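Asker: Fold the following.
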Amino acid sequence: MNENQSNNGALVRVENVEKIFHRGSEDIHVLADLHLQVPAGEFLALMGPSGSGKSTLLNLIGGLDRPTRGLVTVAGERLDQLSDHRLAAWRARHVGFVFQLYNLMPVLTAERNVELPLLLTHLSKAERMKHVDAALAVVGLSHRAKHYPRTLSGGEQQRVGIARGIVTDPTLLLCDEPTGDLDRKAGNEILDLLQALNREHGKTIIMVTHDPHASARATRTVYLDKGQLSNEPVK
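Answerer: Have a look, this model is predicted:
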């Protein structure tokens, strides 16, 4: 079996997933009996109103959180069954994250920010820099490698964030509102880049977004509301 596929051909398989958060004596049901399959090579947009559980679902798929009930299988691995240590190792190998607010370290240059995920690997310094150079080239920022985040535009900072997300050549790229803090022009450039990563580099991408303009770039859009997924927009 290919490590990037589960036994039904889907890279991501979410089955009967329920997620409950506890706030004092109150139980907050965020996801309820949720099912989702994402084939390898898909660019999936996940839409829904604020508070609908989009980021929660993304965190479950990325191994940042665990379901209260149900199965989450990614790249043939049952995430809900892994120990914290094994889950961290799996996440470092298989998942790249892109955040709305970039989450760059201001005291590090672009190339050092991109290098951060590689510090968890056994690569030598020279090998890490080869990966960093390649990732910055993919996002078109080789000429800005030595620059600090404060000297970069918002769009450039997000490109650095994407380079950091792909530097380990992850199985899956998870993007949480990647254009939410950008103007339309910069946002379009980021969407162009994500499409290129999907079409030309074969990256499987799941993107949370509020923006129909952004979701139109995906190969499929699903909608989340009240803990349930639908193929139709939330009314």
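Asker: Flag the shaky bits of this protein, pLDDT-wise.
Answerer: 1-8, 234-235 (pLDDT under 70).
Asker: Show me what the residue nearest in space to the middle of the chain bridges to in the sheet.
Answerer: Note on the chain: the residue nearest the mean C-alpha position is Leu174, at 1.0 Å, using C-alpha atoms, centre = their mean. Here Leu174 sits in beta bridges with Phe97, Ile206, as judged by DSSP bridges.
Asker: Give me the buried positions along the longest helix seen in the chain.
Answerer: For the chain, the helix with the greatest residue count under DSSP state H is helix 184-199. By 16 or more other C-beta atoms under 10 Å, the buried positions in helix 184-199 come out as Ala186, Gly187, Asn188, Glu189, Ile190, Leu191, Leu193, Leu194, Leu197, Asn198. Placement of C-beta: from N, CA and C, glycine included.
Asker: Stretch 117-126: which residues count as buried?
Answerer: For stretch 117-126, by 16+ other C-beta under 10 Å, it's Pro117, Leu118.
Asker: wait, doesn't the residue nearest to the centre of the chain sit right on Phe99?
Answerer: No. Applying C-beta atoms under 8 Å as the test, Leu174 and Phe99 come out as separate, 9.5 Å apart.
Asker: Distance check, Val139 against Ala196.
Answerer: Distance of Val139 to Ala196, given as C-beta to C-beta, to the nearest Å: 9 Å.
Asker: for Ala163, that is, sorry about that
Answerer: For Ala163, the distance to Ala196 - C-beta to C-beta - is 13 Å.
Asker: Columns distance to Met129 on top of the buried residues of helix 184-199, output as a markdown table?
Answerer: Formatted as a markdown table, the buried residues of helix 184-199 follow (distance: C-beta to C-beta, whole Å):
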| residue | distance to Met129 |
| --- | --- |
| Ala186 | 27 |
| Gly187 | 30 |
| Asn188 | 31 |
| Glu189 | 26 |
| Ile190 | 25 |
| Leu191 | 29 |
| Leu193 | 22 |
| Leu194 | 25 |
| Leu197 | 21 |
| Asn198 | 26 |
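Asker: for the residue lying farthest from the centre of the chain, phi and psi?
Answerer: Using C-alpha atoms, centre = their mean, the residue of the chain lying farthest from its centre is Ser25. It sits 32.2 Å away. Ser25 has phi and psi values of phi -90, psi 0 when expressed as degrees, to the nearest 10.
Asker: ok, it to Arg159 distance?
Answerer: Counting by C-beta to C-beta - Ser25 and Arg159 are separated by 45 Å.
Asker: Next: Phe99.
Answerer: Relative to Arg159, and taking C-beta to C-beta, Phe99 is found at 13 Å.
Asker: and if you look at His131?
Answerer: From His131 to Arg159 the distance is 16 Å (C-beta to C-beta).
Asker: ok, the two, which is more surrounded?
Answerer: Arg159 (25 against 20; other C-beta atoms under 10 Å).
Asker: Packing partners of the helix or strand harbouring the more buried one?
Answerer: Here Arg159 sits within helix 154-166, counting by DSSP states H and E. Other helices and strands packing on helix 154-166, by 3 or more C-beta pairs under 8 Å, 6 or more residues apart in numbering; DSSP states H and E, are strand 95-98, helix 110-115, helix 125-138, strand 172-176, helix 184-199.
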